[in-house]
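Q: pasting the sequence and the predicted coordinates here, then a few questions.
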Amino acid sequence: MKRHAMYNDESAPQLDVLVEQHTPLVKRIAHHLIARMPSGVSVEDLYQAGMIGLLDALKRYDNSKGASFETYAGIRIRGAMVDELRKGEWAPRSVHRNARRIQQVIHEIEHETGADARDRDIAERLGVSLEEYHVMLQDSMATRLFSLNELESTEENISVGLQQQQAENPLDNLQNGVFRTHLARAIEQLPEREQLVLSLYYDEELNLKEIGQVLGVSESRVSQIHSQAAQRLRSRLQEWL
């Protein structure tokens with residue numbers, strides 16, 4: 001039997017029961033995202049936005065599409081949190097500008113050398129100290145909410161089949177699939193430590209402190225590695241982004 005809008009299904013629990021059951025999921029996602037947010041963003045902000053995403057998921061979920069509710073709800077919850085952060089426009093223009101500079105410098109160095117751009121080389125090309133470069137990385141970490149999470153909305157449309165509208169261009173799905181292939185290949189070509197940080201953060205869902213314990217480095221160093229991986233990927237996928 002098809003279940004669209006879970007809380008309207010007579011066989012499903014009441015809305016308040018469903019919300020209570022899935023509140024831990026909202027909290028877990030909020031605490032996972034807050035690790036890479038600036039100090040001006042509170043976990044409560046993320047939690048409130050996530051609860052709206054949960055309610056939206058309960059309203060829209062259709063189990064005939066093949067995805068579990070937890071998978072679908074996770075997409076909606078993360079999306080609501082990201083949307084709320086984007087509305088806030090908390091990042092100064094200088095942070096966005098520096099992020100673009102880092103991406104460009106990485107692209108230039110790797111194009112010239114054919115090798116991974118190193119921290120010291122990037123800092124030198126930017127005309128800043130290594131410490132200043134690491135601060136720039138830290139600040140830029142959340143400017144675009146680097147989008148292994150954003151890709152889930154694409155995955156939602158293509159794999160789970162939860163489109164609200166049909167694509168106007170019949171090539172859109174093909175293009176999205178090709179992009180994911182390029183992204184996966186670019187991730188495989190990252191320096192080993194950057195690959196590991198992304199895997200632990202996105203696949204294993206460890207927070208930055210936990211990743212630091214695995215790698216034997218500080219939480220701030222993990223943040224820098226994560227951000228540099230993000231900027232490196234963006235520089236290598238410029239034609240897509």
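A: Here it is on my side, so go on.

Q: how far off centre is stretch 219-230?
A: Distance, stretch centre to chain centre, for stretch 219-230: 14 Å (C-alpha atoms, centre = their mean, to the nearest Å).

Q: buried ones in it?
A: 221, 222, 223, 224, 225, 226, 227, 228, 229, 230 (16 or more other C-beta atoms under 10 Å). C-beta here means a position set from N, CA and C on the backbone, and glycine is covered the same way.

Q: looking at those residues, which two lie furthest apart in space?
A: 221 and 230 (15.0 Å; C-beta to C-beta).

Q: mean confidence for the helix or strand residue 72 falls within?
A: Secondary structure from DSSP states H and E places residue 72 in helix 69-88. The predicted model assigns helix 69-88 a mean pLDDT of 82.

Q: need the next SSE after it, C-terminal direction.
A: Using DSSP H and E, the next helix or strand after helix 69-88 towards the C-terminus is helix 93-113.

Q: residue 183 contacts residue 230, correct?
A: No. Counting by C-beta atoms under 8 Å, residue 183 does not reach residue 230; the two are 11.7 Å apart.

Q: any residues in contact with both of the two?
A: Taking C-beta atoms under 8 Å, 6 or more residues apart in numbering as the contact rule, residue 183 and residue 230 touch no residue in common.

Q: and the gap between the closest residue to residue 134 other than its chain neighbours and residue 139?
A: Nearest-residue entry for residue 134: residue 224, 5.1 Å, with adjacent residues in sequence omitted and distances by C-beta to C-beta, 6 or more residues apart in numbering. When C-beta to C-beta, to the nearest Å is applied, the distance between residue 224 and residue 139 equals 11 Å.

Q: tally of neighbours for residue 180?
A: Neighbour count of residue 180, defined by other C-beta atoms under 10 Å: 15.

Q: same check, this time on residue 116
A: 15.

Q: ok, the one 10 residues further on next?
A: If you count neighbours by other C-beta under 10 Å, residue 126 ends up with 16.

Q: for this structure, which segments count as helices?
A: Using DSSP state H, the helices of the chain run over 15-34, 43-60, 69-88, 93-113, 119-126, 130-140, 151-155, 172-188, 192-198, 208-215, 219-236.

Q: and these, which is most packed in?
A: helix 219-236 (a mean of 22; mean count of other C-beta atoms under 10 Å).

Q: show me the contact partners of that helix.
A: Surrounding helix 219-236, the residues in contact under the criterion C-beta under 8 Å, 6+ apart are 36, 99, 102-104, 106-107, 110, 116-117, 119, 134, 137-138, 140-141, 144, 146, 183, 186-187, 189-190, 193-195, 197-198, 201, 208-209, 211-212, 215, 217, 241.

Q: just checking, residue 139 touches residue 98?
A: Yes. Look at residue 139 against residue 98 with C-beta under 8 Å: they come within range, at 6.9 Å.

Q: quick one: residues contacting the closest residue to residue 195 other than its chain neighbours.
A: The spatial neighbour of residue 195 that comes closest, neighbours along the chain excluded (C-beta to C-beta, 6+ apart), is residue 187 at 6.4 Å. With contact taken as C-beta under 8 Å, 6+ apart, residue 187 is in contact with 195, 198, 233.
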